[in-house]
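In: generate a structure from the sequence data that follows.
(chains A and B, ligands or ions: 4)
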Amino acid sequence: MSLIHEIDYGTPASKAEKDVTLSIDGRAVTVPEGTSLMRAAMEAGVQVPKLCATDMMDAFGSCRLCVVEVEGRNGTPASCTTPVAEGMKVSTQTDRLKAIRKGVMELYISDHPLDCLTCAANGDCELQDMAGAVGLREVRYGYDGENHLGKAKDVSNPYFQFDPSKCIVCSRCVRACNEVQGTFALTVSGRGFDSIISAGTQFDDFLSSECVSCGACVQACPTATLEEKSVIAIGTPEHSLVTTCAYCGVGCSFKAEMRGEELVRMVPYKDGKANRGHSCVKGRFALGYATHKDRILNPMIRDHYSQPWKEVSWDEALSFAAGKIKDIQAKYGRGAVGGISSSRCTNEEVFLVQKLVRAGFGNNNIDTCARVCHSPTGYGLNSTFGTSAGTQDFDSVEHSDVILVIGANPTDGHPVFGSRMKKRLRGKPGQPGAKLIVIDPRRIDLVKTPHIKADHHLALKPGTNVAMLTALAHVIVTEGLIDERFVRERCELDEFQEWAAFVAEERHSPEATAAITGVPADEVRNAARLYATGGNAAIYYGLGVTEHSQGSTAVIGIANLAMATGNIGREGVGVNPLRGQNNVQGSCDMGSFPHELPGYRHISIDAVRESFEELWGVKLDNEPGLRIPNMFDAAVEGTFKGLYCQGEDILQSDPDTKHVSAGLEALELLIVHDLFLNETANYANVFLPGSSFLEKNGTFTNAERRINRVRKVMSPKNGYEDWQVTQMLAQAIGMDMTYADPSEIMAEIAATTPSFANVTYDLLDEKGSVQWPCNETHPEGSPVMHVGEFMRGRGKFIVTEYVATDERTGPRFPLLLTTGRILSQYNVGAQTRRTENVVWHDQDLLEIHPHDAEQRGVRNGDWVKLQSRAGETSIKAKITDRVAPGVVYTTFHHPMTQANVITTDFSDWATNCPEYKVTAVQISPSNGPTEWQEDYRELTMESRRIVPSEAAE
Amino acid sequence: MERDKLVYMANQIAKFFESSPEGARSQGVADHINKFWEPRMRTQLFERFDEGRTEGMHPLVIEAQPEIRRPAAPLEARTTSQQDASAS
Ligand code: SF4
Ligand code: SF4
Ligand code: SF4
Ligand code: FES
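Out: Ligands and ions are numbered 1, 2, ... in the order given. Got it, this is the predicted structure:
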């Protein structure tokens, strides 16, 4: 194994279709028009010395190291900024060029500390490389002239440092921050020799500035000026493997750079098609949890959750668990046990969990945490388009003219895609940016951020998405903006007509619905016109759409809009759910829902069931199993007694905590399989330690249906990869399961699931990744879906009646609470809370409008009591006009906040996806945590006691 | 006061299908319940139907009754599992 070196072509690839042929040092090379000489040279195998250019951003032309000579032209142009032309003859190495380069390097080096041997970037420094490349042997200026040496380092960021004395002011960091990340946190201040790089204003350091710690600048820096602290501490890496981030649904590819079994750093992989060489703070830096001291590495059991844990051998834990499963089934019936699989685990792992439940437990009580986030996407897109997945790849956004974001906050929730979207919104010289419509109760960052301003921000009341979507449809139908040809050729006409007649009713007009949504009618009309007529229009949506009692209806409403305007089936358009967790798409694909087998095929279809029955040698149930909320109901009723919970913290992540804990308490067996003693484990009696994504092989499927490889870079600290743990449990209950490698599980998936038919690890290794469907008709996968026809044949319009949620405000609970997430933390925070990311977010805060705060005598930073019909908790207030009067907002990353004590058990009508996004609440000043929070803290401490195993004799 | 969750869920489904075309409404409700409700939930629904406890039920739910599948034989009779194989 060695370090993967990616070629730096110096400037981005040109997208032009016309080719140009020229000669470089006598070699002929053909490249697209618009390519720089530098890139063309690299294509021809000639590396021109360079410092300020790198292919992640546009050329700048400041260092003058990359000069070349062109026959018939005067002077020595910079190769990074000079485009190719037909028949050009270029020389990259002449006496004149050599002299210029030496002179340039001499100047740089005279102002650079010469501590190379002890520098963290030693061996990984482009300045060093260039000094070697140009043959620099002496520095005539001496080192005692005016210089920048000895400046103070900025070490405020937990993950990287800034050492200004090593800076060569190439501005690669500034351009990375502007062009790639889109945060505009860095500036070059001063001029000429005095210029220096700084974050934020002159009073700021990196931590206090706008910097979001994505690390793009660190990656871009050719010197040790911006350097990962881990490299400073450990040294440079010696080998690397390409793997996939385990945080969010963007699914960024990284090189995990290692020294032995120690992870030195994660570097985004330029060939990664989801991220194209970029990353966010979580994927690049927040890895500390994998080696955190809280990780549990030994299996543990106890008879009851009130007792302390006892560390035991794997054998003992597994036979204890298997014995209980058998007892429960014998006593309460075969349907009294079930499993929950995790959207954080690999495809292979979730496939095994559903197999364990269906073929081993002999029932269909398998659900996944996607239930609580994107199950309405499954229902909505399946009913209208015929399959449950986003229609585009991420690259598609580069071709959009109008972007509609509803109920999603890409810059926080899906940061790398957020950056790619921002790039398209900013546009570039000669190519104006895309227009932007944001539909969200809260002023998310995208609404106004450097060089971007939403054309329309429809700040609707929480819970009124369906009314809004139907109003937009009303405008499109009644103003004649339908794409008639598309509808005629591609959709079911009867359904279309019924739908059109329905939305055209006056009661759906923006004027009539303004009272419901709180958004002025004009705004809605203008947004609808823009979406329908602005060119390629793409919709991106998130949990703000799905987590409602009408979540499924809203997804249908979105699909209707896209079909009505013909925005489906080509680049730049489409309907795209932004998935929360890294493998939500995959866990849904892999048959983790109780009603369907892998590939979204209903369990009642005989032929589908038979194909699995034959392979597994069992008779499967043709009835749907219990969904997560139904499991808790059944547990409270006493008919559901045993649960295997893989990598999911249902107690913290599911709504109405009190109901969930009542369900968990009633179980006789709760197996928690996780990295940490999570909140759910408070009620567990078997704990099986899990492995991190760095410790296993497998695949994740991201929000664009892209199947990416996860590669093992270190041995599992707990001894086994998660699929092995599930397999051992399966064996313990008597199943015949003997996979030697996850690739064998993928082979079984491909053999049984038509949309995965061609997927093999070999194909993934060869292509890097593929997007399903990947089968005979699409041998290399499908970047865009529904091209000639919909998966279901013709697209189906479905009527979307707005039904107000029963969770209403009233005199006792006059405010609406909605929830979300922030950049530096991830979901329930089990991982990110165990990293340095806490410097950005050490507690959840309640955002409240100044008007509401004043009425209640609440000041910024005060503790407030937050009460709903379900319960109460305390949290600190943050006063801001990001939220409208009447709306309050919080995140749910910290267990002590117990935000889900507040949320109710209302749920989506079709899928039971909980209504996280709307809860009627009241707030009042308070002194600190509530009694429940204190009790809870105590219970948690109690239930986490561990008695170590007695030392073996 | 606990609301009757089961009836509440059935009514939510009925409300969605209210706006379907005439003739497809109760069928929509029945199909949805057949497709997504685990047998013990349907059994509980039938207990209410059978005992005439339909107060508070949306008319479409009541209308859908004949089309809702009554859970058949117990799970043990419908399925086998790899455990059985190893036990025998
Ligand atoms: S880490 Fe990212 S956001 Fe921060 S300065 Fe660097 S590029 Fe900008
Ligand atoms: S910090 Fe690094 S990338 Fe930025 S200007 Fe200095 S040397 Fe260049
Ligand atoms: S955007 Fe998502 S997938 Fe990419 S690095 Fe960040 S958390 Fe990981
Ligand atoms: S690399 Fe071309 S001018 Fe710096």
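In: and the helix or strand that contains B:Arg42, what does it pack onto?
Out: According to DSSP states H and E, B:Arg42 maps onto helix B:39-50. On a contact count with 3 or more C-beta pairs under 8 Å, 6 or more residues apart in numbering or on different chains; DSSP states H and E, helix B:39-50 meets helix B:5-17, helix B:25-36. Heads up, the C-betas are built off the backbone N, CA and C, glycines and all.
In: got the contact list for the shortest one?
Out: Just to be clear, that refers to helix B:25-36. A:595, A:602, A:604, A:624, A:627, A:910-911, B:10, B:13-14, B:16-18, B:20, B:42, B:45, B:60-61, B:63-69 (C-beta atoms under 8 Å, 6 or more residues apart in numbering or on different chains).
In: could you check the angle helix B:39-50 makes with it?
Out: Here helix B:25-36 runs at an angle of 140 degrees relative to helix B:39-50 (axes from the mean of the first three to the mean of the last three C-alpha atoms, to 10 degrees).
In: what's the neighbour count on the residue in chain B that ligand 2 sits nearest to?
Out: Closest residue of chain B to ligand 2, C-beta to the nearest ligand atom: B:Phe36 (54.8 Å). B:Phe36 has 22 neighbouring residues, counting by other C-beta atoms under 10 Å in any protein chain shown.
In: and for A:Ala500, nearest residue in space, chain neighbours not counted?
Out: A:Val477 (5.0 Å; C-beta to C-beta, 6 or more residues apart in numbering or on different chains).
In: same question for A:Phe361.
Out: The shortest distance from A:Phe361 to any non-neighbouring residue, by C-beta to C-beta, 6+ apart, is to A:Val337 (5.2 Å).
In: what sits against that neighbour?
Out: Applying C-beta under 8 Å, 6+ apart, the residues near A:Val337 are A:Ile325, A:Ile328, A:Gln329, A:Phe361, A:Asn363, A:Asn365, A:Phe640, A:Lys641, A:Gly642, A:Leu643, A:Tyr644, A:Leu669.
In: just confirm the third one is within a helix.
Out: Yes. Judged by DSSP: H, G, I helix; E, B strand; the rest coil, A:Gln329 forms part of a helix.
In: wait, doesn't it sit right on A:Phe361?
Out: Yes. Checked against C-beta atoms under 8 Å, the pair A:Gln329 and A:Phe361 is within contact range at 7.4 Å.
In: look at the two and report which has more neighbours.
Out: Higher neighbour count among A:Gln329 and A:Phe361: A:Phe361, with 29 against 23, using other C-beta under 10 Å.
In: if I look at that one, how far off is A:Gly625?
Out: A:Phe361 is 9 Å from A:Gly625, where distance means C-beta to C-beta, to the nearest Å.
In: joint contacts of those two?
Out: A:Gly338.
In: one step back: so which of the contacts of A:Val337 comes closest to A:Cys221?
Out: Nearest to A:Cys221 among these: A:Tyr644, at 46.9 Å, using C-beta to C-beta.
In: now do the contacts for A:Asn298.
Out: A:Glu311, A:Val312, A:Pro689, A:Asn718, A:Ser949.
In: got a winner among the contacts of A:Val337 for most neighbours?
Out: Top of the contacts of A:Val337 by neighbour number is A:Asn365, holding 31 neighbours under the definition other C-beta under 10 Å.
In: not counting its neighbours along the chain, what's nearest that residue?
Out: That would be A:Gly338: by C-beta to C-beta, 6+ apart, it lies 2.8 Å from A:Asn365.
In: go on, A:Gly277?
Out: Distances taken as C-beta to C-beta, 6+ apart put A:Lys270 closest to A:Gly277, at 3.8 Å, once the chain neighbours are dropped.
In: for that neighbour, helix, strand, or coil?
Out: Criterion first, three-state DSSP; result for A:Lys270: coil.
In: pLDDT wise, what is it at?
Out: Turning to A:Lys270, the model gives it a pLDDT of 93.
In: measure it to A:Gly123 for me?
Out: Taking C-beta to C-beta, one finds A:Lys270 at 21 Å from A:Gly123.
In: and stretch A:841-854, how far apart are its ends?
Out: 25 Å (C-alpha to C-alpha, to the nearest Å).
In: tell me which residues of it are tucked away?
Out: Within stretch A:841-854, the residues scored as buried using 16 or more other C-beta atoms under 10 Å in any protein chain shown are A:His841, A:Asp844, A:Leu845, A:Leu846, A:Glu847, A:Ile848, A:His849, A:Asp852, A:Ala853.
In: quick one: contacts for the residue of the stretch 851-953 of chain A found nearest ligand 4?
Out: Nearest residue of the stretch 851-953 of chain A to ligand 4 (C-beta to the nearest ligand atom) works out as A:Arg882 at 41.1 Å. By C-beta under 8 Å, 6+ apart, the residues touching A:Arg882 are A:Arg442, A:Arg443, A:Glu847, A:Tyr889.
In: distance-wise, check the closest residue to A:Gly599 other than its chain neighbours relative to ligand 2.
Out: Nearest non-adjacent residue to A:Gly599, counting by C-beta to C-beta, 6+ apart: A:Thr753, 4.1 Å away. The gap separating A:Thr753 from ligand 2 is 46 Å, by C-beta to the nearest ligand atom, to the nearest Å.
In: A:Thr753 is in contact with A:Val608, isn't it?
Out: No. Counting by C-beta under 8 Å, A:Thr753 does not reach A:Val608; the two are 9.7 Å apart.
In: these two: which has the busier surroundings?
Out: Set A:Thr753 next to A:Val608 and count neighbours by other C-beta under 10 Å: A:Thr753 wins out with 25 against 20.
In: quick check: phi and psi on that one?
Out: Dihedral pair for A:Thr753: phi -120, psi 110, per degrees, to the nearest 10.
In: kindly report the same for the one 10 residues further on.
Out: A:Leu763 adopts backbone torsions of phi -60, psi -40, taken as degrees, to the nearest 10.
In: ok, now A:Arg334?
Out: Per degrees, to the nearest 10, the backbone of A:Arg334 is at phi -60, psi -30.
In: lowest average confidence, helix or strand, in chain B?
Out: helix B:82-87 (a mean of 66; mean pLDDT, DSSP states H and E).
In: sec struct for A:Leu107, please.
Out: A:Leu107 ends up helix, using three-state DSSP.
In: before we move on, the earlier item: between the helix holding B:Arg42 and helix B:5-17, how many degrees?
Out: 90 degrees.
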